[in-house]
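[1] Model the following, please.
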Amino acid sequence: MLDCQKDKFSIPEGTHYLNCAYMSPMMKSVEEAGQLSIAKKRNPSVITAEDFFTESDELRQEFATLINLNDPNQVAIIPSVSYGIGNAANNIPLSSQDEIILIGEQFPSNVYVWMEKAKQTGARIVTIAAPEESEGRAKRWNEAILEAITSKTKVVAMAIVHWTDGTLFNLEAISQRVKEVDGYLIIDGTQSVGALPFDVNKIQPDALICAGYKWLLGPYGIGIGYYSERFNDGNPIEYHWITRLHSEDFAGLVNYESQYQPGATRYDMGERSNFILVSMQLAALRQINAWGVNQVQDYCNSIVGDQLDPLLDAGFSVESDQWRGHHLFGIRFDKKHDPKNIADMLDKKNVRVSVRGSAVRVAPYVFNSATDIEVLVKVLTQSIL
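    Alright, predicted model coming up:
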């Protein structure tokens, strides 16, 4: 079992930071990698042509390991989720006969591009909202998604867990249904990959896009995406030199090349070799892989355990273990309680969480301990007295 890893971070004593879904704190090793990279730019003569490729390739390999992907060339280095989703949307043919399925209140980066595509093509957006009743909510929500997928469905764009409350979606069943209708499954993995195990061979999405600054413990401004072979001949949203065939030959860059490097590397962002951000994200992924994502999820489960029972007894509601991530869950309560007021009260006690939608969102990671959850529960139960 993984032990608490708080010593690898610089979180102030007395701060109960349960908000990794907002932004992860920086690991000391990631900070050091950034500082070394900044210092390297002082003397650019030490930066070689090979350096434009080496760490980028290593980053692809680490992400491939994280999601159990055999071919790291199916990984692209991107600046943001919206960029990564945009590359996918740019290569999916849509018509006025097609439907795009979205999940109610999902994060905008996997929504706006589909709204624009629908406007351009006449495709219809179908949004599957969460059931209003709390009892069996996640199960019925998953059933509604599966029922909505028909022969008209061209795209299902969703997350692994819902970003507001950690509701877990049955992606294996959803992926199978999408394949039956020859649709595309486009996943925003930002709020789970790095903390919740994900096997790309098991789920078989068409694209899996992740921001780096949350559960991947990286800096802001870099992300990573997996694209299936379905996209290998597609058109990226950006055209630049480093993704072209033979780009390693700097002297030959004047010989313009129409062919791309293999796999999904064509979807890399311009200046993808960013010697600061790539180094930092690489250091972060190496550590996550060293821990093992299964161990991370088990650790989060171990520190939460049955500590939430007093909340349930006090009238709060939390989704059952079967239907939520252990690293991210939402706490809901009677409508007479304002979530914002409760979050402010927690903040005054140095308990850092977020309000998303109608839930107080709690997001523990390996830098947390059972004490952090204990303090959270104590403050919440006292708040309703």
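
[2] which non-adjacent residue is nearest Asn232?
    Gly263 (6.1 Å; CB to CB, 6 or more residues apart in numbering). C-beta: built from backbone N, CA, C; applies to glycine.

[3] for this structure, what spans make up the strands?
    16-17, 75-78, 99-103, 124-128, 153-159, 184-188, 207-211, 223-227, 329-331, 351-352, 354-356, 359-362 (DSSP state E).

[4] now the longest one against strand 99-103, angle please.
    Our comparison of strand 153-159 with strand 99-103, counting by axes from the mean of the first three to the mean of the last three CA atoms, to 10 degrees, yields an angle of 20 degrees.

[5] List the strands paired with strand 153-159, with their directions.
    Sheet pairing of strand 153-159 (DSSP bridges) gives strand 99-103 (parallel), strand 184-188 (parallel).

[6] any idea which of those strands is most buried?
    Among the strands paired with strand 153-159, strand 184-188 has the highest mean neighbour count (mean count of other CB atoms under 10 Å), at a mean of 26.

[7] average model confidence for it?
    Averaging pLDDT along strand 184-188 yields 98.

[8] Where do the helices of the stretch 151-300 of the chain begin and end?
    171-180, 200-203, 277-291, 293-304 (DSSP state H, counting those that start in this stretch).

[9] of those helices, which approaches His327 most closely?
    His327 lies closest to helix 293-304 among the helices of the stretch 151-300 of the chain, at 4.4 Å (CB to CB).

[10] For the closest one, which helices and strands make contact with it?
    Using 3 or more CB pairs under 8 Å, 6 or more residues apart in numbering; DSSP states H and E as the contact test, the elements touching helix 293-304 are helix 370-383.

[11] how far away is the residue nearest to Asn350 when sequence neighbours are not counted from Val375?
    Of all residues not flanking Asn350 in the chain, Thr15 sits nearest, at 5.1 Å (CB to CB, 6+ apart). Computed as CB to CB, to the nearest Å, the Thr15 to Val375 distance reads 10 Å.

[12] And those two? Which one has more around it.
    Legend: neighbour count by other CB atoms under 10 Å for Thr15 and Val375, higher for Val375 (17 against 12).

[13] Next up, the contacts around that one.
    16, 349, 351 (CB atoms under 8 Å, 6 or more residues apart in numbering).

[14] what sits opposite the first one in the beta ladder?
    Under the criterion DSSP bridges, His16 forms beta bridges with Val351.

[15] Just the pLDDT for it.
    Taking His16 on its own, its pLDDT is 97.

[16] can I assume it is in contact with Leu376?
    Yes: under the criterion of CB atoms under 8 Å, His16 makes contact with Leu376 at 6.7 Å.

[17] Name the residues contacting each of the two.
    Both His16 and Leu376 are in contact with Val351, where contact means CB under 8 Å, 6+ apart.

[18] my guess is Asp334 meets Ile342, correct?
    No: judged on CB under 8 Å, Asp334 makes no contact with Ile342 at a distance of 11.0 Å.

[19] Between these two, which has more neighbouring residues?
    More neighbours surround Ile342 than the other of Asp334 and Ile342, with 20 against 9 (other CB under 10 Å).

[20] for that one, what are its contacts?
    With CB under 8 Å, 6+ apart, Ile342 has these contacts: 333, 355, 360, 380, 383.

[21] so the last one sits right up against Ala343, yeah?
    No: in this structure, Ser383 is not within contact of Ala343 by CB under 8 Å, at 10.6 Å.

[22] ok now stretch 164-172, how far from the chain's centre?
    12 Å (CA atoms, centre = their mean, to the nearest Å).

[23] what about that stretch, average pLDDT?
    Per-region confidence: stretch 164-172 scores 96 on mean pLDDT.

[24] What mean pLDDT does stretch 240-260 get?
    Rounded mean pLDDT across stretch 240-260 is 96.

[25] Which residues does it contact?
    49-50, 52-53, 236, 261, 265-268, 270-273.

[26] got the domain boundaries for this structure?
    As given by automatic domain parsing, the domain ranges for the chain are 6-18+293-383, 39-290.

[27] Redo those as JSON lines? Include distance to Met26.
    Formatted as JSON lines, these follow (distance: least, CB to CB, whole Å):
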{"stretch": "domain 6-18+293-383", "distance to Met26": "7"}
{"stretch": "domain 39-290", "distance to Met26": "8"}
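
[28] Of these, which shows the lowest average pLDDT?
    Minimum mean pLDDT among the domains of the chain: domain 6-18+293-383, a mean of 91.

[29] Give me the most central residue, this structure.
    Taking CA atoms, centre = their mean, the centroid of the chain lies closest to Thr190, which sits 0.9 Å from it.

[30] wait, that one sits on Leu208?
    No: using CB under 8 Å, Thr190 makes no contact with Leu208, being 10.0 Å away.

[31] since we're on Met292, how many residues are nearby?
    Heads up, residue 292 is Gly, not Met. Neighbour count of Gly292, defined by other CB under 10 Å: 14.

[32] Check the gap between it and Leu2 for me.
    Taking CB to CB, one finds Gly292 at 8 Å from Leu2.

[33] quick revisit: residues touching the residue nearest to the centre of the chain, list them.
    81, 107, 109, 159, 163, 209-211, 214-215, 223.

[34] Export these as CSV, with columns for distance to Val178.
    Shown next, in CSV, are the contacts of Thr190 (distance: CB to CB, whole Å):
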residue, distance to Val178
Val81, 20
Phe107, 20
Ser109, 20
Ala159, 15
Trp163, 21
Ile209, 16
Cys210, 20
Ala211, 23
Lys214, 25
Trp215, 24
Gly223, 23
